[in-house]
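**Q** I'd like to go over a predicted model; first the sequence, then the structure.
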Amino acid sequence: MTALLIQNARLLDPAQGIDRVGSVLWRDGRIVWWGGVDGRPSGSLPADVLDGMGLVVCPGFMDLHCHLREPGFEAKETIASGTLAAARGGFTTVCCMPNTNPPLDSVEAVEYVKTKAEAEGIVNVVPIACVTKGRAGKELVNMGALAVAGVAGFSDDGDPVRDENIMRRALETGKKLQLPIIDHCEEPVGGPPDGEVRMVERDVRLAAETGGWVHIAHVSVAGSVEVTRKAKQRGIRATAEATPHHVTLTQEAIGRCGTMAKVNPPLRTESDRQALLRGLKDGTIDIVATDHAPHTAADKQKDYSAAAAGISGFETAFGSLMTLVHRGEMALEELIAYLTIGPATLLGRLQVPQSSMGLVVGRPVDITVFDPEREWVVDPDGFASRGKNTPLAGMKLKGRVVAALCRGKIAYIDRSLSIKKG
């Protein structure tokens, strides 16, 4: 199917200020027309038709922080399974972290991921390269060559860049390349809140001294939000993200779900969760990113201290975030902005595919369609992801993605949708 007319849907695009009921015609990866309810352009070529009553159409979601695990950890995830899971979650562009085996610290490793994604992925995949060779924290990668190869930024995710001199040099080089250094700000990893805050403080200071761009991954505590807020007020180039699990869950989930709720940084307190929400609302935190981290069952079936940290989040991210909307903690338009124009703006600075920049006629565009009222029960056995690790198993959520259109094709469509052939 290369052409789809969606009628009677709510068209929602924070980038363009669009929020109205109408119809949109998507053909060969481009929006060729949008207009009124029950509408269709005169003289147009045949297209399949979806009655979008009760559905919302928006630009494709973007995720700037996920783990596709390939190469090296294919038992956890592959690019094929991970991108299918992403599509089911409404994500049409994902940026994959470099803690693979081998790590993405060379042009050859990055090209492998890009080639594999082109052949087997069903959504856009943009690699993030390591900051240091082997993620060992000792020697910078060839950042210039990796930038030419098309990476979205540099990160030793899973670990912070501990050496201050190396972080300084990375920020200096990143400034020249106009690419962010994405830091996992915890020392020690999995430790108490003050270890995160100290690392954020250090990174903000170095960004101020170098003029480089630091992006704080998965902010989890109120102190980190405040440090980032003050940095932005001073004009320091600091951006930040929060995850669905840190804005919807607290450490109480660990008692209920055990290792399935083990993540790095850990789930925090209700006051921290509220601070994250305030940070999103006032622009301190720029985006929501999943930190999709699939693991095998064996990875999680260990004592808490030995179990792997991470949540398989692509397929539950939207539904869990919609709990914030339904209980009045966030407006739907705000949520969609955090998943679309927010990350698209950051990626736009990087000159990578900008297919979620808005519902604009003539522009190559990816689309996500969701039902904000659909109730469903999380069943990890039905995940497309190889990682079934989630603390949400058995939970009823309200709000579900029903279609994702990407790169001129339908990447995912819910079987319950009735489409009339054009």
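**A** Yep, that arrived.
**Q** for the nearest residue to Arg278 once chain neighbours are set aside, what is the enclosing helix or strand?
**A** Excluding the flanking residues, the one nearest Arg278 by Cβ to Cβ, 6 or more residues apart in numbering is Val225, at 7.3 Å. For the C-beta atoms, the positions are set from N, CA and C on the backbone; glycine is no exception. Val225 belongs to helix 222-233 when elements are defined using DSSP states H and E.
**Q** which other helices and strands does that helix contact?
**A** With contacts defined as 3 or more Cβ pairs under 8 Å, 6 or more residues apart in numbering; DSSP states H and E, helix 222-233 has these neighbours: helix 193-210, strand 238-242, helix 270-281.
**Q** now the last one: buried residues?
**A** What that stands for is helix 270-281. Of the residues in helix 270-281, those buried under the neighbour-count criterion (16 or more other Cβ atoms under 10 Å) are 272-273, 275-277, 279-280.
**Q** now that helix: how far from the chain's centre is it?
**A** In this view, helix 270-281 has its centroid 18 Å away from the chain centroid, taken as Cα atoms, centre = their mean, to the nearest Å.
**Q** contacts for that helix?
**A** Counting by Cβ atoms under 8 Å, 6 or more residues apart in numbering, helix 270-281 makes contact with 193, 219-222, 225-226, 228-229, 240, 242, 246-250, 284-285, 288, 324, 329-330, 334, 338, all of which sit outside it.
**Q** and with 6 Å instead?
**A** Contact partners of helix 270-281, identified using Cβ atoms under 6 Å, 6 or more residues apart in numbering, comprise 221-222, 225, 242, 246-247, 250, 285.
**Q** cool, the shortest one as well?
**A** Under the contact criterion Cβ under 6 Å, 6+ apart, strand 238-242 has outside partners 204, 207, 214-216, 219, 228, 231, 276, 285-289.
**Q** how far off centre is it?
**A** Taking Cα atoms, centre = their mean, one finds the center of strand 238-242 at 12 Å from the center of the full chain.
**Q** list the neighbouring strands of that strand plus their orientation.
**A** strand 214-216 (parallel), strand 287-288 (parallel) (DSSP bridges).
**Q** follow-up on the earlier one: would JSON lines of the contacts of strand 238-242 with distance to Gly422 and pLDDT be doable?
**A** Conversion of the contacts of strand 238-242 to JSON lines gives the following (distance: Cβ to Cβ, whole Å; pLDDT from 0 to 100):
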{"residue": "Val204", "distance to Gly422": "54", "pLDDT": "98"}
{"residue": "Ala207", "distance to Gly422": "52", "pLDDT": "98"}
{"residue": "Val214", "distance to Gly422": "49", "pLDDT": "98"}
{"residue": "His215", "distance to Gly422": "43", "pLDDT": "98"}
{"residue": "Ile216", "distance to Gly422": "47", "pLDDT": "98"}
{"residue": "Val219", "distance to Gly422": "46", "pLDDT": "98"}
{"residue": "Thr228", "distance to Gly422": "49", "pLDDT": "98"}
{"residue": "Ala231", "distance to Gly422": "52", "pLDDT": "98"}
{"residue": "Leu276", "distance to Gly422": "44", "pLDDT": "98"}
{"residue": "Ile285", "distance to Gly422": "42", "pLDDT": "98"}
{"residue": "Asp286", "distance to Gly422": "39", "pLDDT": "97"}
{"residue": "Ile287", "distance to Gly422": "36", "pLDDT": "98"}
{"residue": "Val288", "distance to Gly422": "35", "pLDDT": "98"}
{"residue": "Ala289", "distance to Gly422": "37", "pLDDT": "98"}
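**Q** who wins on neighbours among those?
**A** Comparing these by number of neighbours (other Cβ atoms under 10 Å), Val214 comes first, having 30 neighbours.
**Q** look up how far Ala207 lies from it.
**A** Look at Val214 and Ala207: by Cβ to Cβ, to the nearest Å, they are 4 Å apart.
**Q** likewise for Thr115?
**A** 33 Å.
**Q** so who does the residue most central in space within the chain touch?
**A** Among the residues of the chain, Asp63 comes closest to the average C-alpha position under Cα atoms, centre = their mean, at 1.9 Å. With Cβ under 6 Å, 6+ apart as the criterion, the residues that contact Asp63 are 91, 94, 289-290.
**Q** again, but for Glu315
**A** By Cβ under 6 Å, 6+ apart, the contact set of Glu315 is 85, 88-89, 383.
**Q** and it, how far is that from Gly52?
**A** Distance, Glu315 to Gly52, by Cβ to Cβ: 22 Å.
**Q** let's verify Val247: helix, strand, or coil?
**A** Here Val247 takes the helix state, with states given by DSSP: H, G, I helix; E, B strand; the rest coil.
**Q** residues near Glu139, how many?
**A** Neighbouring residues of Glu139 were enumerated by other Cβ under 10 Å; the total is 12.
**Q** residues touching it, list them.
**A** Glu139 neighbours (Cβ under 6 Å, 6+ apart): 132-133.
**Q** phi and psi next, for it.
**A** Its backbone dihedrals place Glu139 at phi -150, psi 130, with angles given as degrees, to the nearest 10.
**Q** if anything else comes up later, I'll come back, but that's it for now.
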